[in-house]
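**Student:** Predicted model, plus sequence, below.
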Amino acid sequence: MRYIENVKLKDGRECCLRNAEEKDGRAVLANFILTHLQTDNLASYADEITLNVEEEKTFLKNKADSANELELIALVDGEIVGLAGMVSIGNRVKVRHRASFGISIDQKYWGLGIGTAMLKACIGCAREAGYEQLELEVVEGNETAIAMYRNAGFVEYGRNPRGMKSRTAGYQETICMRMEL
């Protein structure tokens with residue numbers, strides 16, 4: 001699935017949203033590790049990331065070649081500052097109408113509109129790929145993300161009080177959200 005768009009950020013700078021490609025492997029992996037060091041709201045810790053650069057490149061090539069999955073990067077001044085992915089829940093008849101969404105952005109770039117732009121891009125791509133429902137999980141207390149998802153049209157459909165177990169905060173409740181496309 002292919003995507004490219006330039007968006008203007010709240011601070012006036014331009015951000016390019018495009019498919020991550022094989023050549024971006026090293027920088028994508030570095031950004032992924034960085035963002036996982038910066039917040040306790042993501043589903044893994046930086047030290048749990050076991051992909052090497054070659055494996056990341058292969059992953060990105062497969063996403064770029066996919067007709068129904070996507071890995072986007074956000075570039076500001078030529079630097080990768082955010083990642084967003086859309087993956088199929090499965091290709092069996094009963095679940096192939098569903099996709100899952102995730103996002104991570106370098107903390108230095110929070111609040112500039114990158115997350116909203118990436119979310120809108122993934123929603124559009126999910127529709128284009130023929131999905132009927134886009135899903136995500138978000139940590140309760142991550143109010144900025146929850147507000148962004150609600151503003152885009154996601155609705156809560158359940159909670160898991162022990163959805164994640166933080167090394168520092170203990171159990172974290174996760175909110176399951178979905179959007180009918």
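**Tutor:** In hand now; what should we look at?
**Student:** Setting aside sequence neighbours, what's the nearest residue to the residue nearest to the spatial centre of the chain?
**Tutor:** Centrality entry for the chain: nearest residue to the mean C-alpha point is Ile103, 2.2 Å, by C-alpha atoms, centre = their mean. Once flanking residues are discounted, Ile103 sits nearest to Ala84: 4.4 Å by C-beta to C-beta, 6 or more residues apart in numbering. In short, each C-beta sits where N, CA and C put it, glycine included.
**Student:** dump the residue contacts of that neighbour.
**Tutor:** By C-beta atoms under 8 Å, 6 or more residues apart in numbering, the contact list for Ala84 reads Leu70, Glu71, Leu72, Ala74, Phe101, Gly102, Ile103, Ser104, Met118, Leu119, Ala121, Cys122.
**Student:** 6 Å instead?
**Tutor:** Leu72, Ile103, Met118, Cys122 (C-beta atoms under 6 Å, 6 or more residues apart in numbering).
**Student:** Could you do Leu112 as well?
**Tutor:** Leu9, Lys10, Asp11.
**Student:** Pull out the buried members of those.
**Tutor:** If you count burial by 16 or more other C-beta atoms under 10 Å, the buried members of the contacts of Leu112 come out as Leu9.
**Student:** what number of residues lie near Pro161?
**Tutor:** Applying other C-beta atoms under 10 Å, we find 9 other residues in the vicinity of Pro161.
**Student:** can you tell me how far it sits from Cys176?
**Tutor:** 12 Å (C-beta to C-beta, to the nearest Å).
**Student:** Check Asn31 too.
**Tutor:** Distance, Asn31 to Cys176, using C-beta to C-beta: 26 Å.
**Student:** Same drill for the two, tell me which one is more crowded.
**Tutor:** Between Asn31 and Cys176, Asn31 has the larger neighbour count (other C-beta under 10 Å), namely 22 against 16.
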